[in-house]
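S.K.: got a predicted model here, sequence first, then my questions.
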Amino acid sequence: MLFNLFSKKTAPAASSAIRDYADLKVDLHSHLIPGIDDGSQSLEESIALILELKKLGYQKLITTPHIMSDYYRNTPEIILSGLELVKNELKNRGIDMKMEAAAEYYFDEYFLSLLQQNKNIIAINNEYVLFELSYLNKPQGVLDAIFAIQQLGYKPLMAHPERYPYLSVEEYTEFKEKGCLFQMNLLSIGGFYGKSVKLLANQLIDLGMVDMVGTDLHRMKHAEQLYYTLESSFLEKLFTEKDLLNPTLL
Ligand SMILES: [Fe+2]
């Protein structure tokens, strides 16, 4: 009896009531087009990853290959022809999953030049330009890029803001005030990228700054880790307290 009482008191908090990601309906950050970045390397792998995301409850995937001057000079043509390949394979196999594509732009001189020329910009839902920053060094001119994206009629969407340890709350606030939206990685909430990223993710959730969430799925290991995120009380907090924009993209 005493033991029961004791174990009750020390039992871990009830785990999250979130069973899957079905309420999100849409994932808008992944690397599922084979062979054009560091994500899926074959059509077979792409299909396997897509089946995992289907199992997790998604109805639509807007996949976002890297565009990066040094490594991945992908263009909308390359991305969209890869998308067709994946869509055909899904159709051939009778897999029901809506698919679209955009890109994840690395914040570099090349991206800035594309913005300046209004060239090779491919946006999520023709609306949101997804861009990422260096994980190590604070880049200069992010606010200029945010403005340039808006001048072209798009909404800037920063990928995984919780992965940039050099940013302060003041800087996050300034980006938001200038109209930049934030896409958090679900894997960050589950602790996949380490403790400090998880803490920053929790902090951004507490501050109500998250507009969308993404899987940033590159490989099968990430799909497995998405189940850990479901256990997080912060995910539950995010899902209950915030109207995320993911379902609006269906
Ligand atoms: Fe990504």
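M.R.: Perfect, I can see it now.
S.K.: dump the residue contacts of the spatially most central residue of the chain.
M.R.: By C-alpha atoms, centre = their mean, the mean C-alpha position of the chain lies nearest to G214, the distance being 2.8 Å. Contact analysis of G214 by C-beta atoms under 8 Å, 6 or more residues apart in numbering lists D27, L28, H29, S30, A159, H160, Q183, M184, N185, L186. Bear in mind the C-beta positions are built from the backbone N, C-alpha and C, glycine included.
S.K.: rerun at 7 Å
M.R.: Applying C-beta atoms under 7 Å, 6 or more residues apart in numbering, we find G214 in contact with D27, L28, H29, Q183, N185, L186.
S.K.: any idea what the nearest residue to the third one once chain neighbours are set aside is bridged to?
M.R.: Closest residue to H29 apart from its sequence neighbours, by C-beta to C-beta, 6 or more residues apart in numbering: G214 at 2.9 Å. On the basis of DSSP bridges, G214 takes part in beta bridges with N185.
S.K.: any idea how far G214 lies from the ion?
M.R.: 8 Å (C-beta to the ion, to the nearest Å).
S.K.: ok, back up a step: from F182, how far out is the residue nearest to the centre of the chain?
M.R.: 11 Å (C-beta to C-beta, to the nearest Å).
S.K.: equivalent analysis for E84, please.
M.R.: Taking C-beta to C-beta, one finds E84 at 31 Å from F182.
S.K.: could you do A17 as well?
M.R.: Relative to F182, and taking C-beta to C-beta, A17 is found at 24 Å.
S.K.: neighbour count: E84 and F182, which is higher?
M.R.: Using other C-beta atoms under 10 Å as the criterion, E84 and F182 rank with F182 on top: 21 against 12.
S.K.: residue contacts, the nearest residue to that one once chain neighbours are set aside?
M.R.: Distance criterion C-beta to C-beta, 6+ apart; nearest residue to F182, sequence neighbours excluded, is P161 at 4.8 Å. For P161, the contact set (C-beta under 7 Å, 6+ apart) comprises L167, Y172, F182, L204.
S.K.: please point out which parts of the longest helix along the chain sit buried.
M.R.: Assignment by DSSP state H gives helix 76-92 as the longest helix of the chain. By 16 or more other C-beta atoms under 10 Å, the buried positions in helix 76-92 come out as P76, I78, I79, G82, L83, V86, E89, L90.
S.K.: before we move on, what about stretch 234-245?
M.R.: F234, L235, E236, L238, F239, L244, L245.
S.K.: quick one, what contacts the last one?
M.R.: Just to be clear, that refers to L245. D211, M212.
S.K.: residues contacting E44?
M.R.: Counting by C-beta under 7 Å, 6+ apart, there are no residues that E44 touches.
S.K.: over to A48?
M.R.: A48 neighbours (C-beta under 7 Å, 6+ apart): M220.
S.K.: all set now, cheers.
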